[in-house]
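K.L.:
Structure for the following, please:
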Amino acid sequence: MTFPVYFHLAGYRIHPHPVLEVIAYTVGFQMYRRIRRQFPAAAMPFETNLWILVGALFGALAGSKLLAFVESGPDFWAHRFEPGFWMGGKTILGGLLGGWLGVEIAKHFAGVKHSTGDAFVFPLITGMAIGRIGCFLTGLDDHTYGVATALPWGVDFGDGIRRHPTQFYDIIFLGALALIFLAFRKKSSPNGRLFLLFVSSYCTWRFFVEFLKPTWKPIGISPIQTAALCGLAVAVIKLSIKTGSIKTGRL
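P.N.:
Residues are numbered from 1 along each chain as shown. I've put the predicted structure just below:
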């Protein structure tokens, strides 16, 4: 297999990352539309729902770019005079945390006081897993591969080194998390707990799996790991409040 693995359509060669990214957003949105009726807290007027979705989208875009800039600071500085280089670079964790913040801002201005995050969990898991396929097919250019390994499932992304396919590790983790959530979804729990469990679980996973990646770690851990710890802390605090049945009026 030669990376990047391009798609060929009508005589055109198309890069895998934007293709899978569009599919991820489309499938995630359609899934949200279908399952949000199962979550009473998501039953809001169309205009309110639209503002929340806009907040999620723009927050995710901003967060994914900002964390990518911080994470790959030396690379962006080395190519600081190349506008095309600055157009690339996004991180899934930054998108998740930025989208969360964007929803909170939209809810504040829309006057929504209750949690709405549970309806996003399964669409997010699905979209993130699809997006990781695009990361894998992109290969070295995506900077999401792992360090060298002698394990039999190591993948040579084009530099002659067999590496941990950390993109697939992410997909496996997300799939396992979805199965666990599906198994316990019918159990009664405070509104918003599912989303907080998802954020805390994914942030914990990203903190540890990043040690398998040859990323820039200026303080012993990478900026993505720092963001993961921050997201985990906020989610755990909010989760403890909900578990203790303390009404905060927010998620």
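
K.L.:
residues touching the residue nearest the centre of the chain, list them.
P.N.:
Centroid-nearest residue in the chain, with C-alpha atoms, centre = their mean: I92, separated by 3.4 Å. I92 makes contacts with S64, M128, G131, R132, D170, as judged by C-beta atoms under 8 Å, 6 or more residues apart in numbering. For the C-beta atoms, the positions are set from N, CA and C on the backbone; glycine is no exception.

K.L.:
Sort out which of the residues you listed are in helices and list them.
P.N.:
S64, M128, G131, R132, D170 (DSSP state H).

K.L.:
Highest neighbour count among these?
P.N.:
Using other C-beta atoms under 10 Å as the neighbour criterion, R132 leads the ones in helices among the contacts of I92 with 25 neighbours.

K.L.:
all strands for the protein, in order.
P.N.:
Secondary structure of the chain, counting by DSSP state E: strands at 7-9, 12-14, 155-156, 162-163.

K.L.:
Which one, of those strands, ends up nearest to V234?
P.N.:
strand 162-163 (32.1 Å; C-beta to C-beta).

K.L.:
What is the burial count for V27?
P.N.:
Neighbour tally, V27, other C-beta under 10 Å: 15.

K.L.:
gap between it and F122?
P.N.:
11 Å (C-beta to C-beta, to the nearest Å).

K.L.:
Kindly report the same for C230.
P.N.:
The gap separating C230 from F122 is 24 Å, by C-beta to C-beta.

K.L.:
Please identify which of these two sits among more neighbours.
P.N.:
Applying other C-beta under 10 Å to C230 and F122 shows that F122 carries more neighbours, namely 21 against 12.

K.L.:
separation between the more buried one and L232?
P.N.:
For F122 relative to L232 (C-beta to C-beta), the value is 21 Å.

K.L.:
what do you get for I23?
P.N.:
Using C-beta to C-beta, I23 is found at 29 Å from L232.

K.L.:
Quick check on those two: which one has the bigger neighbour count.
P.N.:
Shown here are I23 and L232; by other C-beta under 10 Å, L232 has more neighbours (19 against 15).
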